Every structure is written in structure tokens, then in C-alpha cells.
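# Return a 3D structure for these sequence lines:
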Amino acid sequence: MSKRNTILFWILAIGILLLFAIDMGVGSVDITPSDIWATLFGNASDQIKSKIIIDIRLTKAIVAILAGAALSVSGLQMQTLFRNPLAGPYVLGVSSGASLGVAIFILGAPLLGLGGKSLLSSIGVAGAAWIGAASILAMVASVSRRIKDIMVILILGMMVSSAVSAIVQVLQYMSHEEALKSFIVWTMGSLGDVTLSQLWLVAAAVIAGLVISISVIKPLNLLLLGEAYAHTMGLNIERTRMLILLSTTLLAGTITAFCGPIGFIGLAIPHVARILFHDADHRTLMPAAAMTGAVALLICDIISKMLILPINTITALLGIPIVIWVVIRQKNIV
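Next comes the predicted model:
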């Protein structure tokens, strides 16, 4: 690794720590650095502030890091797999599948008396979203085993996503006002819906997805040269696809389930990593995308709390200019 890239990694690491500290201090309740320090080391004097710091701000900041890394790495994998700079973690229907699961749960929950803010409702929404996302990806993965052309799989994923979105729209049209409002709020995305108890599950799933993504770094480098060349080099294309799809399910599917569909991070951040590091090697790009994604989502979370806006609004405003630049400079994307 070059000296320049080593310095960049150190800058990103320091940036994550600084932004993590800033994110912990930003909010509607005035909390000083000394309050945070005392709470983290068990010397808190104000129990209310301590609960806010541990149960809300600390959890939310950790989720921001996990979500940023997960979405960015899954986006990088999708762009390499499909050799398409505009592919993202939701290109195969992860978001649409999750939306369908949540729509079915939210519309069905009131009929069963499970609506509101109960613990069962929170677990149900996340579970329904994950099952919906995993089901769609499993279907696409099953079909992909019989299809050799990766672009056909991309088109198939987009068509499935469109069909599922149409079903969701029908459910929205038929739903009651309260249920529709709950669903719309979920689609706006939120890093604050993950409880401290759920954080362990989210972290475990994301870490498992990242471990799988690390295992396919060498195959991803081979896929940059095309599937035909990778096959001649002895790469098992089918097995590689399955591992990448499994990693995407764990990374993007889990984050979408617990945080809602957070847009543009997975699409834009891999390109930011390429621009910063000037490297197409996934041994560099993978950690670079993960760390850049963590920095980006921490910044978005800080801004969203300061302006009191949904996280999706901020990610879109920051991500759209990058996507536009990618479209204009598409021929130069490595």
C-alpha cells in the first residue's frame, strides 16, 4: 500500500472517532463532553442524561457506523459484480422486498391488535423487512444459478423490484390513514429505531456480511476483468455470485430491516472511495468504502439531528451530486 493511502486510512479513522464524539453530543438535550465521559466510565451523576447517552445517542452513533460500512461495501460488491457504476445494494430488490414485508406487517398488525409502539411491533417490523428482503434475493439467486449472463440477472432484479413496488403501492392505496402514516415514516429511514438489545443482532449480521465480503476480495478483483477471464483463471463464478448475494442480504437487508431504506450511501460512497484512493484493488477499496461510508453516515446523522430532518433527506442531498458526476464521467469509472 502506498504512503498516500496509508495516510488516508489514518485520516478516515481519526475522522470516525471525531464524528462519533460529535454525534454523541448533538441533540435536543444539551449534553457536555464531560457528561458523556462520566457516563461511559460509570461515573454519571444525572441518570436521565446517562440513559439518553447510552440508550439513544451511543446506540444511534454505532448504528450509523455499521449502516455506513454495510451499505457501502454491499454497493461496492454490486458495482463490481454487475460491472455497472450505477448499481447499488438495492438493485436486486432488497429495498422493495423489505418494503413489501413491512407493508404487509403494518397493514395486518392492526387487524391482529399488534399496532402501536409495542416491543412486539418493533421486532415484527424489522423481522418482516428482513424476511421480505431475503425472500426476494433468494428468488433472484435461485434463478441466477440457471442464467450465465450477469446483465440478465440485473434486469431480472430490476423487474422483480418494480413488480414488488407495484404491489406495495396497491397495499398503500387500500390501507387506512394510520397504517399508511406508519409505513411512510418507515420509508424515510431512521437510525434511532434500533434498541440497545437489537444492536447486538444488527452488529452480528453486519459483521458476518463483512467477513463474507472479505472472503471474496480476490474473486472481485478477477471479476473486474470480466467473468470469462475470471472463469479461465479457475474462479467458480456460481459460488462467487452466491457469496456476494449472501453478503448483500446480510449487509443491506439487515440495515434496511432495522433502519428503513437509506438511499444513495451504497450507490455513491464506493465512487468516493475510488476517487480518494485512486485504486481499483478491492484489498484497498473494501476497507476504504467501509470507512468512508461510516464517515458519511455519521455526518448525515449529525446534520439530520441539527436540522430535524429524516436521514434519507440528507443522504439524498449529499449523494445525488455524486451520482450525477458518475453519470457524466461514466466512461472514466474503473
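# pLDDT (mean, whole number) over whichever strand or helix holds Ala268?
If you go by DSSP states H and E, Ala268 is part of helix 265-277. Rounded to a whole number, the mean pLDDT of helix 265-277 is 90.
# where does the closest residue to Leu276 other than its chain neighbours fall, phi/psi-wise?
Once flanking residues are discounted, Leu276 sits nearest to Leu8: 5.9 Å by Cβ to Cβ, 6 or more residues apart in numbering. All C-beta atoms are positioned from the backbone trio N, CA, C, and that covers glycine. Phi and psi for Leu8, reported as degrees, to the nearest 10, are phi -60, psi -40.
# buried set for whichever helix or strand comes after the helix holding Ala268?
Using DSSP H and E, the next helix or strand after helix 265-277 towards the C-terminus is helix 282-307. Along helix 282-307, these residues count as buried under the neighbour rule (16 or more other Cβ atoms under 10 Å): 282, 284-305.
# Next: stretch 9-23.
Leu12, Gly15, Ile16, Leu19, Phe20, Asp23.
# pretty sure the third one is touching Ala294, no?
Yes. Ile16 lies in contact with Ala294 (Cβ atoms under 8 Å); the separation is 5.3 Å.
# which neighbours do the two share?
Ile65 (Cβ atoms under 8 Å, 6 or more residues apart in numbering).
# Would you mind checking the average pLDDT for the helix or strand harbouring Ser162?
If you go by DSSP H and E, Ser162 is part of helix 150-174. Mean pLDDT, helix 150-174: 81.
# same for it, what does it pack against?
helix 94-112, helix 119-144 (3 or more Cβ pairs under 8 Å, 6 or more residues apart in numbering; DSSP states H and E).
# of all those helices, which lies closest to Ala64?
helix 119-144 (17.1 Å; Cβ to Cβ).
# For the residue positioned nearest the centre of the chain, give me its contacts.
Centroid-nearest residue in the chain: Leu71, 3.1 Å away (criterion: Cα atoms, centre = their mean). When contacts are counted by Cβ under 8 Å, 6+ apart, Leu71 touches Pro89, Leu251, Ala252, Ile255, Ile262, Ile265, Gly266, Ile269, Gly293, Leu297.
# check contacts around the first one.
Taking Cβ under 8 Å, 6+ apart as the definition of contact, the neighbours of Pro89 are Leu71, Ser74, Gly75, Met78, Thr248, Leu251, Ala252, Gly266, Leu267.
# Now it: phi and psi?
Dihedral angles for Pro89 - degrees, to the nearest 10 - are phi -70, psi -20.
# mind listing what's buried in stretch 142-157?
In stretch 142-157, counting by 16+ other Cβ under 10 Å, buried: Ser144, Ile150, Ile153, Leu154, Leu156, Gly157.
# CA atoms only for it - export them in CSV, please.
The C-alpha coordinates for stretch 142-157 follow below in CSV (Å, rounded to 0.1, in the frame of the first residue of the first chain):
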residue,chain,number,x,y,z
SER,A,142,-32.1,-19.2,-7.4
VAL,A,143,-32.8,-18.0,-10.9
SER,A,144,-29.3,-16.8,-11.3
ARG,A,145,-27.9,-20.3,-10.9
ARG,A,146,-29.5,-21.1,-14.3
ILE,A,147,-28.5,-17.9,-16.0
LYS,A,148,-25.0,-17.2,-17.2
ASP,A,149,-25.4,-13.6,-18.4
ILE,A,150,-25.0,-11.3,-15.3
MET,A,151,-26.8,-8.4,-17.1
VAL,A,152,-29.9,-10.6,-17.5
ILE,A,153,-29.8,-11.1,-13.7
LEU,A,154,-29.5,-7.3,-13.2
ILE,A,155,-32.6,-6.8,-15.5
LEU,A,156,-34.4,-9.5,-13.7
GLY,A,157,-33.7,-7.9,-10.3
